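In: Dropping the sequence and predicted coords here.
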Amino acid sequence: MASSIPPPDPMKMSGDLSSNWASFRAEFDDYLLATGLCEKDADVQAATLRLLMASECRHLYKHNLGLTQDQQKDVTAILEALEDYFTPTKNVIFEKS
């Protein structure tokens, strides 16, 4: 059954990266659940994420996130690092103006 569920589109690395990331992340989370991969080990989930993220995002993952060897096998660590990278910090003082 899992093979009949199409994977999410790769992470788009142009345009609004924050919005692109939010869409990719939501689709990836749904894919893990729908395919049953959420029941697999974190390293299997991490490998699936790396396969689905596309080459430009994978390059960023390898060279810009500074993940340890253990973190590279942990899907949660990878997703958190990508979340931090793609989601801009908000200036609370500016937003209240």
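Out: Yes, it's here. Every value quoted in this text rests on a predicted model; they were computed, and no experiment measured them.

In: Packing partners of the longest helix anywhere in the chain?
Out: Identified as the longest helix of the chain according to DSSP state H is helix 17-35. Contacts defined by 3 or more Cβ pairs under 8 Å, 6 or more residues apart in numbering; DSSP states H and E place helix 17-35 against helix 42-52, helix 75-86. To be clear about C-beta, it is placed using only N, CA and C from the backbone, and glycine gets the same treatment.

In: May I see these arranged in TSV, with mean neighbour count, mean pLDDT and distance to A26 as well?
Out: Output for these, formatted as TSV (neighbours: other Cβ atoms under 10 Å; pLDDT from 0 to 100; distance: least, Cβ to Cβ, whole Å):
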stretch	mean neighbour count	mean pLDDT	distance to A26
helix 42-52	16	95	13
helix 75-86	17	95	12
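
In: so which of these comes closest to S14?
Out: helix 75-86 (12.7 Å; Cβ to Cβ).

In: re the thing from before, between the helices and strands packed on helix 17-35, which gets nearest to A22?
Out: Per Cβ to Cβ, nearest to A22 of the helices and strands packed on helix 17-35: helix 75-86, 8.2 Å.

In: Output the contacting helices and strands for the closest one.
Out: helix 17-35, helix 42-52, helix 55-64.

In: Could I get the CA-only coordinates of the longest helix of the chain as CSV?
Out: The C-alpha trace of helix 17-35 is given here as CSV (Å, rounded to 0.1, in the frame of the first residue of the first chain):
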residue,chain,number,x,y,z
LEU,A,17,11.7,29.8,1.0
SER,A,18,9.8,30.1,4.3
SER,A,19,6.5,29.3,2.6
ASN,A,20,8.0,26.6,0.5
TRP,A,21,9.5,25.0,3.6
ALA,A,22,6.1,25.1,5.4
SER,A,23,4.5,23.3,2.5
PHE,A,24,7.2,20.7,2.1
ARG,A,25,7.3,20.0,5.9
ALA,A,26,3.5,19.5,6.1
GLU,A,27,3.6,17.2,3.0
PHE,A,28,6.5,15.3,4.4
ASP,A,29,4.8,14.8,7.8
ASP,A,30,1.7,13.6,6.1
TYR,A,31,3.7,11.2,3.9
LEU,A,32,5.4,9.7,6.9
LEU,A,33,2.0,9.1,8.5
ALA,A,34,0.3,7.8,5.4
THR,A,35,3.0,5.4,4.5
